[in-house]
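Q: here are the coordinates; sequence isn't available:
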């Protein structure tokens, strides 16, 4: 199944079961065009909707510009954001369980209340000025390493991890 655009800034992600479809709000520039599910399987760098079904992780924006997108209360579990520009993204209440944020730039993102259970793929991620709870920061500091290739900022330093 494909997905349909419900407004210039909204993507409706259709899954195998209509009741599990999700609406994800993203900046219009982050979605150059909508493509069929069959074409998405052939184009790994395309914007893909996240799977609402357990065990079916989706890809949403590997290497894509998601500047100021809102993923409020979105199910992003298992999604890959490798190298994505996620500056000023709203991740409040989003489920980032097992997501891959390797090399992403999350400068000034807002993620208070986000679920970060098993969020361990954060190598080379820039967390500069990200608004999050202290327990979230402590959890991420346990696995943080590397330096963001675009910004040159050390991951642990951007999380303000103790030495």
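A: In hand now; what should we look at? Given the structure is predicted, the values throughout are model-derived calculations rather than measurements. Numbers count the residues shown, from 1 in each chain.

Q: what residues are up against residue 95?
A: The neighbours of residue 95, taking Cβ atoms under 8 Å, 6 or more residues apart in numbering as the test, are 74, 75, 76, 77, 114, 115. C-beta: built from backbone N, CA, C; applies to glycine.

Q: now, which of the residues you listed sits nearest residue 98?
A: Taking Cβ to Cβ as the measure, residue 98 lies nearest residue 77 of those, at 5.9 Å.

Q: Could you double-check that the closest one sits in contact with residue 94?
A: No. Residue 77 lies out of contact with residue 94 (Cβ atoms under 8 Å); the separation is 9.2 Å.

Q: Pull the contacting residues for residue 93.
A: 72, 73, 113, 114, 115.

Q: Need the pLDDT of the first one.
A: Looking back up the chat, that one is residue 72. For residue 72, the model assigns a pLDDT of 94.

Q: please renumber so the chain begins at 86
A: With 86 as the first residue, the last one maps to residue 157.

Q: Give me the neighbour count for it.
A: Residue 157: 15 surrounding residues under other Cβ atoms under 10 Å.

Q: May I have the residues that are in contact with residue 197?
A: Contacts for residue 197 (Cβ under 8 Å, 6+ apart) come out as 177, 216, 217, 218, 221.

Q: Let's see if you can find the most crowded of those.
A: Most surrounded of these: other Cβ under 10 Å gives residue 217, at 22 neighbours.

Q: on that earlier part again, from the contacts of residue 178, which would you call buried?
A: Neighbour counting by 16 or more other Cβ atoms under 10 Å classes 199, 200 among those as buried.

Q: Now do the helices in this structure.
A: Using DSSP state H, the helices of the chain run over residues 122-127, 219-226, 240-243.

Q: Pick out the shakiest of those, pLDDT-wise.
A: helix 122-127 (a mean of 37).

Q: Please name the residues that touch residue 241.
A: Residues counted as contacts of residue 241 (Cβ under 8 Å, 6+ apart) are 226, 229, 230.

Q: could you dump the residues you listed to TSV with neighbour count and distance to residue 170?
A: Below are these laid out as TSV (neighbours: other Cβ atoms under 10 Å; distance: Cβ to Cβ, whole Å):
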residue	neighbour count	distance to residue 170
226	16	23
229	21	19
230	12	21
